[in-house]
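Asks: Provided below are the primary sequence and the corresponding predicted coordinates.
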Amino acid sequence: MARTFCGALVAALLSLGCHDWLVVPPLNNPVAGGDPVAAIQTGATGIQFQNRATYAGYISDVGIFGRESFNYFPTDGRTHSHYVRQNPLDPAGFTNGGWAPRSVNRRNIKTFLDVVEAAPPIPGKVDPGRKEAARGFAKTMDALELSYITAQRHDYGAALDILDDQTALAPFVSRDSAQNYIIARLDEARTHLLAAVAASVPFPFTLSPGFTTNGSFNTPATFLQFNRAIYARVQAWRAALGNPACGAPPGATCYAAALTALTEAAVDTTASLGRGVYHVYSSESGDVLDGLNASVNKDFLAHPSIQPDAPLDTLGQPDARYRAKIRTLSSPRCPVGGAGVPGICTPLGFQIYPTTTSPTPIFRNEELILLQAEALYFTGDAAGALADINFIRRHSGGLALRGAFVDATDFVTELLLQRRYSLLWEGHRWVDVRRFGRISTLALDDPSHWRQVEQPVPQAECLQREGTAVTCPATWPIPVLVH
């Protein structure tokens, strides 16, 4: 990864506010001569905070690329011109979001694991079982961070290793290799979590309230469900993208593994569709508000195609998901410069996160049901896939049931439609159309616009590697557009 900052963990943690789950002690030396229990809590809290701090930017970025949203920031046209009009995206420009902060958090995770390993045994507080729980937490969060990197960079792959020498540069590997690593990392974490379950111990720290907002995922046994949910998601990515590890198309090996993981993740059509793990926010000093809330960020707007593309219910009205998630603006908003800038105005905004402290999901049961439908279909159970799709159509969209799928093309079309509205503005659509080879179905609003395929590796990262044995991918910068 890129060189990270020695004090990244300390800086991130000292910027936090105080909650009943967060007490930040001095961090000059978190173990030697200090309190290892407090250091482990501080590290876990910092990892969660850093992961949350990047969420709104990630959703905005992939939302723009996936034609779900715009960011019409009134004093900086780059939020439109650099995202949908740049040809290709400028690696030195405005569209490199999420690279440095995710690298920093992966360094934080390594530091946390080092602290756990160095911590002396304290019965009932830092014992072998609790250390296993901490390892399972950290490696799951590391895999989650890396999954976002691979989602944004796509064909560029990623640099995997977080080296002890913070001035050293890890080599890039391919997208397939990076996603294989994510799967292995999640399996390692699962082994650690099961060891903690066998020892009947809790985590040696308190997780954020987002792990109990809608469901209980704050013990090693229930956190394992979170781990398996992310695992199933990445397995579906690998299968659809034709990763060789998944076997011949349609990737039945990875889809079968996803089905097993979904069972462990407790996918459940009788449970709340919102059951899952969330980021939480507050108005307390030092904390942040939900950056996706319409009053916190008035410039995040919905793409107008969401309205005509919405499926209709039996009364001819847009389905329940559209009505719940989309609002009509008092007047349309346009890119900076109005009619003089090639672009498109939108009359729509979001109302998904109604308050400034509304939780935002990392995963939900609704996603798991749709992942199950996908995995069932591509492992030969079309009837089971149809049952899951119709469940979502009825219970989430208020739609009539549909009949059997004609073929795989028909299934993917239906799957992407349901995922689009069920998981609207949760970071999935751009990844979905790309992994199924349907990037060209995204709206092309103006002849000057382009459909972006991936976000570039920052130019600064690649310049830093020039003349070394660990350069950026040989094809950098890859053309990152489809007209």
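Replies: Here it is on my side, so go on.
Asks: from here on, contacts and neighbour counts on C-alpha atoms
Replies: OK.
Asks: low pLDDT regions in the protein?
Replies: By pLDDT under 70, the weakly predicted segments of the chain are 1-33, 337-342, 475-483.
Asks: Let's see that with 90 instead.
Replies: Confidence mapping of the chain against pLDDT under 90 gives the ranges 1-34, 74-98, 166-167, 248-249, 284-288, 335-344, 445-449, 473-483.
Asks: Would you indicate which residues of the longest helix seen in it are buried?
Replies: Across the chain, the longest stretch assigned as helix under DSSP state H is helix 128-153. The neighbour-count check on helix 128-153 (16 or more other Cα atoms under 10 Å) flags 128-153 as buried.
Asks: so T150 makes contact with A159?
Replies: No: when contacts are counted by Cα atoms under 8 Å, T150 is not listed as touching A159 (9.9 Å).
Asks: Now do the shared contacts for those two.
Replies: A178 (Cα atoms under 8 Å, 6 or more residues apart in numbering).
Asks: Can you name the element that comes right after the longest strand anywhere in the chain?
Replies: In the chain, taking DSSP state E as the definition, the longest strand is strand 326-333. For strand 326-333, the following helix or strand on the C-terminal side (DSSP states H and E) is strand 346-350.
Asks: Just want the angle from that next one to strand 326-333.
Replies: 140 degrees (axes from the mean of the first three to the mean of the last three Cα atoms, to 10 degrees).
Asks: which parts of strand 346-350 are buried?
Replies: T346, P347, L348, G349, F350.
Asks: helices and strands around that strand, which ones?
Replies: strand 300-302, strand 326-333 (3 or more Cα pairs under 8 Å, 6 or more residues apart in numbering; DSSP states H and E).
Asks: Now do the strands in this structure.
Replies: Secondary structure of the chain by DSSP E: the strands cover 69-71, 158-159, 172-173, 276-279, 300-302, 326-333, 346-350, 360-364, 451-452, 481-482.
Asks: Make a markdown table from those strands and add distance to G437 to it.
Replies: Output for the strands of the chain, formatted as a markdown table (distance: least, Cα to Cα, whole Å):
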| stretch | distance to G437 |
| --- | --- |
| strand 69-71 | 21 |
| strand 158-159 | 21 |
| strand 172-173 | 22 |
| strand 276-279 | 29 |
| strand 300-302 | 24 |
| strand 326-333 | 27 |
| strand 346-350 | 27 |
| strand 360-364 | 24 |
| strand 451-452 | 13 |
| strand 481-482 | 11 |
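Asks: Can you say which of these is nearest to T213?
Replies: Evaluated over the strands of the chain, closeness to T213 peaks at strand 276-279, with 6.9 Å, by Cα to Cα.
Asks: Which neighbouring elements make contact with the closest one?
Replies: Looks like strand 276-279 contacts strand 360-364 (3+ Cα pairs under 8 Å, 6+ apart).
Asks: got the angle between the strand it packs on and helix 128-153?
Replies: Using the same axes, to 10 degrees: strand 360-364 against helix 128-153 is 100 degrees.
Asks: Each with direction, which strands does strand 360-364 pair with?
Replies: strand 276-279 (antiparallel) (DSSP bridges).
Asks: which other residues reach the partner strand?
Replies: Residues outside strand 276-279 that contact it (Cα under 8 Å, 6+ apart): 52, 210-215, 217, 226, 359-365.
Asks: Put the buried members of those residues into a PyMOL selection.
Replies: Buried subset of the contacts of strand 276-279, written as a PyMOL selection, criterion 16+ other Cα under 10 Å:
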select buried, resi 52+210+211+213+214+215+217+226+359+360+361+362+363+364+365
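Asks: Closest to F70 out of the contacts of strand 276-279?
Replies: Of the contacts of strand 276-279, the one sitting nearest to F70 (Cα to Cα) turns out to be T360, at 18.5 Å.
Asks: Please name the bridge partners of that closest one.
Replies: H279.
Asks: what's near enough to touch it?
Replies: Y278, H279, V280, D290, Y353.
Asks: In TSV, list the residues you listed along with neighbour count.
Replies: Output for the contacts of T360, formatted as TSV (neighbours: other Cα atoms under 10 Å):
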residue	neighbour count
Y278	23
H279	22
V280	20
D290	26
Y353	17
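Asks: I'd say Q455 and N96 touch.
Replies: Yes: applying Cα under 8 Å as the test, Q455 and N96 come out as touching, 6.2 Å apart.
Asks: Tell me which of those two has more neighbours.
Replies: The neighbour comparison of Q455 against N96 (other Cα atoms under 10 Å) goes to Q455, with 30 against 20.
Asks: contacting residues for L259?
Replies: L259 neighbours (Cα under 8 Å, 6+ apart): A232, Q372, A375, L376.
Asks: Equivalent analysis for Y353, please.
Replies: D290, L292, N293, A294, P359, T360.
Asks: mind checking how far it is from R85?
Replies: 29 Å (Cα to Cα, to the nearest Å).
Asks: now swap in Q307 and tell me
Replies: The spacing between Q307 and R85, counted by Cα to Cα, is 23 Å.
Asks: ditto for V116
Replies: For V116, the distance to R85 - Cα to Cα - is 47 Å.
Asks: Pick out whichever of the two has more residues nearby.
Replies: V116 (23 against 19).
Asks: Would you agree that one is in contact with T42?
Replies: No: contact criterion Cα under 8 Å: V116 and T42 do not qualify, at 11.7 Å.
Asks: In terms of distance to I326, which of the buried residues of strand 346-350 ranks first?
Replies: For those, the nearest to I326 is F350 (4.7 Å; Cα to Cα).
Asks: So what touches stretch 52-67?
Replies: Under Cα under 8 Å, 6+ apart, the answer for stretch 52-67 is 69-71, 83-84, 95, 97-98, 101-102, 152, 279, 290-292, 300, 303, 305, 425-431, 442-443, 451-453.
Asks: Let me know how buried S272 is, in neighbour terms.
Replies: S272 sits with 13 neighbouring residues when counted by other Cα under 10 Å.
Asks: what does I344 give?
Replies: 17.
Asks: my read: it touches S448, true?
Replies: No: in this structure, I344 is not within contact of S448 by Cα under 8 Å, at 11.1 Å.
Asks: And the residue nearest to C254 when sequence neighbours are not counted, how far from N227?
Replies: Distances taken as Cα to Cα, 6 or more residues apart in numbering put C246 closest to C254, at 4.8 Å, once the chain neighbours are dropped. Using Cα to Cα, C246 is found at 20 Å from N227.
Asks: Pick out whichever of the two has more residues nearby.
Replies: N227 (26 against 22).
Asks: Which residues are in contact with the residue lying closest to the more buried one once chain neighbours are set aside?
Replies: In space, and not counting its chain neighbours, N227 is closest to T140: 6.0 Å by Cα to Cα, 6+ apart. Shown in contact with T140 (Cα under 8 Å, 6+ apart): R185, L186, A189, N227.
Asks: Could you check how far the residue lying closest to G251 once chain neighbours are set aside is from R233?
Replies: Nearest residue to G251 in three dimensions, chain neighbours excluded: A239, at 4.4 Å (Cα to Cα, 6+ apart). To R233, A239 is 10 Å away according to Cα to Cα.
Asks: These two - which one has more neighbours?
Replies: Between A239 and R233, counted using other Cα under 10 Å, the more crowded position is A239 (27 against 20).
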